[in-house]
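*Asks:* Sequence below, structure please.
(chains A and B)
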2 protein chains.
Amino acid sequence: MAVRHYTLDFNLSTPVDSASVVPGLLSVFHEQELTETVHDTNGHGYLATFVGKNGRLVILRVHSHGLVTIDLQCHEGDNFAQLDNLLNALEKKLKVLLSGNITRIKRLPALVRGAKVDRYWPTADGRLVEYDIDEVVYEEDSAYQNIKILHSRQYGNILVLDGDVNLAESDLAYTQAITGNGRENYAGKEVLILGGGDGGILADIYIDQKVIDGCKMHMRRTCGNTLDNLRGDCYQILIQDCVPLLKKYVQEGRTFDYVINDLTAIPISTAPEEDSTWEFLRLILDLSIRVLHPEGKYFTQGNSVNLKEALSLYEEQLGRLSCPVDFCKEVVCVPSYLEQWVFYTAWKK
Amino acid sequence: MAVRHYTLDFNLSTPVDSASVVPGLLSVFHEQELTETVHDTNGHGYLATFVGKNGRLVILRVHSHGLVTIDLQCHEGDNFAQLDNLLNALEKKLKVLLSGNITRIKRLPALVRGAKVDRYWPTADGRLVEYDIDEVVYEEDSAYQNIKILHSRQYGNILVLDGDVNLAESDLAYTQAITGNGRENYAGKEVLILGGGDGGILADIYIDQKVIDGCKMHMRRTCGNTLDNLRGDCYQILIQDCVPLLKKYVQEGRTFDYVINDLTAIPISTAPEEDSTWEFLRLILDLSIRVLHPEGKYFTQGNSVNLKEALSLYEEQLGRLSCPVDFCKEVVCVPSYLEQWVFYTAWKK
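*Replies:* Now for the predicted structure:
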């Protein structure tokens, strides 16, 4: 059973003495049969905890610098109307007690902790976001990663690899961006896709059979019927390490009109000399450019537009390849990401 | 000064006795000089609070149904590396103590409470989301509403009216959607825009001079120079109640090729007979259709695609106007909204 965690915060223009606030609130707590403990904070404001029936817990803090915070935790099966009333009563009382001194009242949507279906999948730039996820459609651990397909009411099914939102059925914008946003004519061209059309294999160079299994069942709005067979009229899916394959192509002198690298986002780590993910990225990048036709184009995703340091490190790597390249980038809104995403195009100078 | 609130939760496959968990953790708390209070929960699991220096507070709960939750609150000026170490140590110990019984470990980005710049602006469908806001650029209370313009690193300046995200400089998709997504030719046409090009006036029928003041200074990527003068070569901005104006147009028999209603989103309340916002919406809608040319089009925003009940109530209203209309809708990703948004087109039958 999950725990609901409500917060209610008052920012004040001037610090307030807890003696002018706390006594006025106690009646509210006592009405709800909450048992009070006042804690010694060593001069860091007022702190009391209140424990009630059904595992209810309230924490009241009057911080000495002009902030009042209230936490209310209860079990998922509790009487929410009653708890709403409790929070309403506290908010109303505090509005009166702190009248004229309030600069902000903030009551956030409750955090749901320990729920069967987890709705919190932070963005690449580290922000807390709640998704409208109502069902875990698929979950498997492969030898390489944890694979989940989660159902979102607005984005359709979402592929989540090792906790990272990879692609949702709503995210045509991702596929369009990584294929040149409609500016390319692919007819009759040789195209090499690293990572597959399923949304990319994070931090791993293998196409993961279990990702294919999940996507061909639950992400058909994204993949259509392309994953049903490993070979079609004009495509072939190879489930193998792409590094030896790329090396073989280099050796054979085989080139492609387009190389689309959908293996992994740019690593967030900003220590490219030590991090093996960066090493892997450089290796693939170099091999990819080597198999690129002189007039060809290389497409890849970057990362969140806010990870400026990681992006500029990536651009540095582009300047250090065995063939010199030019590049351009584009910022795209991928619906289910809840953040703006950078895509790169590179070509041989 | 703000408070940082960290959470660390362990979901378990089977309930666990606190006696097998708590003693192993105490050394971690004692190393950090935290003073412990164990609370009586009336049989609702184990609950202890730990108070430390600098206003630190830790709450440890071992819920009787197989969930361990840890809260850590500290002041914004505290030593974050030390607190990270504390959480790492707790996570590591718990992994050992609960080994084989863990189904999920969840450590969310810290909630920042009471900060000078508030980053939490919930979606219309009530989800908790954190924005990358780093500055309050403009804030005014007009006679009608609270107006904020907040700077987001990725979305540019965002207009927030009464706590609702209205429009960001990144949101060309909104303006395109409410003008027909490039399918219309406006050359030489008569267009009536209700609510202004600044992103819409929520829950109010007046164009608010203070919104114009803020937007013309801080949302120029959205409005260009159109708000600098109330009259241009081919437009006129009227800052007045639109109801008498619409009534006058009806009386004069004046019609428009396009009516774009950007006044307000569909009310979330699902009691249209009682709610004055719905009454207002119906009035404007009816007058707008009456001034629409027989071949004309009416464009308006709906609301979050997840608010299915509110949207279908709106569609019911469309069936009850004094002129019968047909309509269609489109779901659009407006970057700064962090949710999918519905737009309507209506026309006379």
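*Asks:* which phi and psi does the residue lying closest to A:Ile105 once chain neighbours are set aside have?
*Replies:* Nearest non-adjacent residue to A:Ile105, counting by Cβ to Cβ, 6 or more residues apart in numbering or on different chains: A:Phe10, 5.7 Å away. For glycine as for every other residue, the C-beta is placed from the backbone atoms N, C-alpha and C. Dihedral pair for A:Phe10: phi -120, psi 120, per degrees, to the nearest 10.
*Asks:* what's the burial count for A:Ala310?
*Replies:* Residues near A:Ala310, counting by other Cβ atoms under 10 Å in any protein chain shown, number 23.
*Asks:* can you pull out the strands in the stretch 1-150 of chain A?
*Replies:* A:3-12, A:35-39, A:46-51, A:57-63, A:67-75, A:102-107, A:111-113, A:133-141, A:146-152 (DSSP state E, counting those that start in this stretch).
*Asks:* Also the stretch 201-349 of chain A?
*Replies:* A:256-261, A:292-304, A:325-333, A:340-348.
*Asks:* Format the ones you listed as TSV; extra columns: distance to B:Gln236.
*Replies:* Listed next are those as TSV, based on distance: least, Cβ to Cβ, whole Å:
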stretch	distance to B:Gln236
strand A:256-261	50
strand A:292-304	42
strand A:325-333	33
strand A:340-348	35
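*Asks:* Near chain B, which residues of the stretch 201-349 of chain A are found?
*Replies:* A:Ser304, A:Val305, A:Asn306, A:Cys333, A:Pro335, A:Leu338, A:Glu339, A:Gln340 (Cβ under 8 Å from any Cβ of the partner chain).
*Asks:* follow-up on the earlier one: any chance of the strands of the stretch 201-349 of chain A in a markdown table, with mean neighbour count too?
*Replies:* A markdown table is the format used below for these (neighbours: other Cβ atoms under 10 Å in any protein chain shown):
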| stretch | mean neighbour count |
| --- | --- |
| strand A:256-261 | 21 |
| strand A:292-304 | 20 |
| strand A:325-333 | 15 |
| strand A:340-348 | 21 |
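*Asks:* Could you export those to a markdown table, including columns for mean pLDDT?
*Replies:* Output for the strands of the stretch 201-349 of chain A, formatted as a markdown table (pLDDT from 0 to 100):
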| stretch | mean pLDDT |
| --- | --- |
| strand A:256-261 | 94 |
| strand A:292-304 | 96 |
| strand A:325-333 | 97 |
| strand A:340-348 | 97 |
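*Asks:* Would you pull up the residue in the stretch 51-200 of chain A closest to chain B?
*Replies:* A:Gly55 (3.5 Å; Cβ to the nearest Cβ).
*Asks:* Phi and psi next, for the closest residue to that residue other than its chain neighbours.
*Replies:* Nearest non-adjacent residue to A:Gly55, counting by Cβ to Cβ, 6+ apart: B:His44, 3.5 Å away. Backbone dihedrals for B:His44, given as degrees, to the nearest 10, come out at phi -100, psi 50.
*Asks:* and the strands of the stretch 1-150 of chain A as TSV, adding mean neighbour count and mean pLDDT?
*Replies:* Formatted as TSV, the strands of the stretch 1-150 of chain A follow (neighbours: other Cβ atoms under 10 Å in any protein chain shown; pLDDT from 0 to 100):
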stretch	mean neighbour count	mean pLDDT
strand A:3-12	22	98
strand A:35-39	14	94
strand A:46-51	21	96
strand A:57-63	24	97
strand A:67-75	22	97
strand A:102-107	15	96
strand A:111-113	21	98
strand A:133-141	14	96
strand A:146-152	21	95
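*Asks:* Turn the ones you listed into a markdown table, including distance to A:Asp326.
*Replies:* Formatted as a markdown table, the strands of the stretch 1-150 of chain A follow (distance: least, Cβ to Cβ, whole Å):
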| stretch | distance to A:Asp326 |
| --- | --- |
| strand A:3-12 | 50 |
| strand A:35-39 | 62 |
| strand A:46-51 | 59 |
| strand A:57-63 | 54 |
| strand A:67-75 | 52 |
| strand A:102-107 | 48 |
| strand A:111-113 | 46 |
| strand A:133-141 | 41 |
| strand A:146-152 | 36 |
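*Asks:* quick one, what contacts the closest residue to A:Asp213 other than its chain neighbours?
*Replies:* Leaving aside its sequence neighbours, A:Asp213 sits nearest to A:Glu140 (Cβ to Cβ, 6+ apart; 7.6 Å). Counting by Cβ atoms under 8 Å, 6 or more residues apart in numbering or on different chains, A:Glu140 makes contact with A:Asn146, A:Ile147, A:Lys210, A:Asp213, A:Gly214.
*Asks:* likewise A:Asn306?
*Replies:* A:Ala124, A:Asp125, A:Glu339, A:Gln340, B:Asp132, B:Arg153, B:Gln154.
*Asks:* swap the cut-off to 10 Å and go again
*Replies:* A:Asn306 sits next to A:Thr123, A:Ala124, A:Asp125, A:Gly126, A:Arg127, A:Glu339, A:Gln340, A:Val342, B:Asp132, B:Ser152, B:Arg153, B:Gln154 when contact means Cβ atoms under 10 Å, 6 or more residues apart in numbering or on different chains.
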